[in-house]
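Q: just coords:
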């Protein structure tokens with residue numbers, strides 16, 4: 001079945017003075033995707049999100065959203081997009097309810113229940129009449145999420161939607177996003193820290209580090225990489241494959257780039273694997289055990305380097 005592309009970023013680079021915020025990033029989001037952009041603080045997540053929605057022009061490259069070049073000319077498109085910035089502002093002097101009423105009015109929404117529905121979904125019904133400016137950072141983030149979803153968009157672009165939320169609020173937002181993705185088929189792009197819980201339900205995950213998109217996985221690929229395995233870098237991958245099959249009876253392995261082999265055996269067999277390879281004349285320059293934790297995998301991929309956002 002042919003998929004419809006909603007976001008296409010091509011070779012984006014972004015510099016600020018001498019700092020490199022984005023470095024040759026290309027990205028495609030199709031209708032129905034739940035794309036988690038995972039990275040540590042300063043990795044370039046916010047720079048990429050802002051470029052996607054047209055709040056920051058890339059130094060080089062281009063972005064289209066729903067077939068229109070992102071930026072001021074895409075204002076019609078953004079009536080169908082919900083956006084959560086990294087630090088959601090509040091409208092001073094307005095109650096939470098009135099803040100959302102202004103949002104849906106500007107979006108052209110005539111559904112009189114839209115505001116109440118959004119407040120209920122993020123758990124702010126009891127705070128509706130309080131001044132938005134009196135809320136803490138975590139509740140302001142919930143207001144920002146309510147703004148993003150109130151007009152029932154078909155695409156959500158969210159910059160760290162669960163950052164700073166407590167356990168109950170985080171689980172509420174994760175469950176809400178999963179419901180929007182699965183039941184309402186809303187396409188979602190959400191940047192996240194690795195440990196914030198979004199990657200477990202994403203259909204696709206991209207890992208950003210130092211302004212570069214260093215890895216992308218679909219759900220099956222992420223689970224495969226997350227299985228417990230032994231990683232070896234060898235002098236001769238073809239010879240190593242023969243040794244694994246004929247001398248260790250192992251056929252569950254993958255030969256990857258740069259002479260790397262992932263061997264899906266328990267880490268307790270790492271010494272045995274090393275000894276067999278060396279005995280048959282295969283030099284092993286690196287050996288590591290991956291315990292099978294998706295969080296550990298993504299943390300490792302995201303850990304090196306960093307770029308200011």
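A: Everything's here; your move. If you're wondering where the values come from, they're calculated on a predicted model, not measured in any experiment.
Q: Tell me the pLDDT of residue 268.
A: Note on residue 268: pLDDT of 89.
Q: helix, strand or coil for it?
A: Here residue 268 is helix, with the state taken from DSSP: H, G, I helix; E, B strand; the rest coil.
Q: residue boundaries of the strands in the protein?
A: For the chain, the strands defined by DSSP state E cover 5-16, 19-30, 34-38, 60-65, 68-69, 81-84, 155-159, 187-192, 204-209, 212-218, 229-234, 253-255, 260-263, 284-290.
Q: Make TSV out of these and add distance to residue 45 and mean neighbour count.
A: Using the backbone N, CA and C atoms, a C-beta is placed for each residue, glycine as well. Listed next are these as TSV, based on distance: least, C-beta to C-beta, whole Å; neighbours: other C-beta atoms under 10 Å:
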stretch	distance to residue 45	mean neighbour count
strand 5-16	12	18
strand 19-30	10	19
strand 34-38	6	26
strand 60-65	15	18
strand 68-69	22	14
strand 81-84	13	23
strand 155-159	7	24
strand 187-192	4	26
strand 204-209	6	24
strand 212-218	11	18
strand 229-234	26	21
strand 253-255	29	15
strand 260-263	26	18
strand 284-290	24	14
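Q: Domain map for the protein?
A: 5-216, 228-291 (automatic domain parsing).
Q: nearest to residue 303, of those domains?
A: domain 5-216 (6.8 Å; C-beta to C-beta).
Q: hang on, the earlier thing: got the strands of the chain as JSON lines, with mean pLDDT and distance to residue 247 columns?
A: Formatted as JSON lines, the strands of the chain follow (pLDDT from 0 to 100; distance: least, C-beta to C-beta, whole Å):
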{"stretch": "strand 5-16", "mean pLDDT": "94", "distance to residue 247": "45"}
{"stretch": "strand 19-30", "mean pLDDT": "94", "distance to residue 247": "42"}
{"stretch": "strand 34-38", "mean pLDDT": "94", "distance to residue 247": "38"}
{"stretch": "strand 60-65", "mean pLDDT": "93", "distance to residue 247": "49"}
{"stretch": "strand 68-69", "mean pLDDT": "86", "distance to residue 247": "57"}
{"stretch": "strand 81-84", "mean pLDDT": "93", "distance to residue 247": "54"}
{"stretch": "strand 155-159", "mean pLDDT": "96", "distance to residue 247": "50"}
{"stretch": "strand 187-192", "mean pLDDT": "95", "distance to residue 247": "43"}
{"stretch": "strand 204-209", "mean pLDDT": "92", "distance to residue 247": "35"}
{"stretch": "strand 212-218", "mean pLDDT": "89", "distance to residue 247": "31"}
{"stretch": "strand 229-234", "mean pLDDT": "92", "distance to residue 247": "14"}
{"stretch": "strand 253-255", "mean pLDDT": "89", "distance to residue 247": "13"}
{"stretch": "strand 260-263", "mean pLDDT": "92", "distance to residue 247": "13"}
{"stretch": "strand 284-290", "mean pLDDT": "90", "distance to residue 247": "14"}
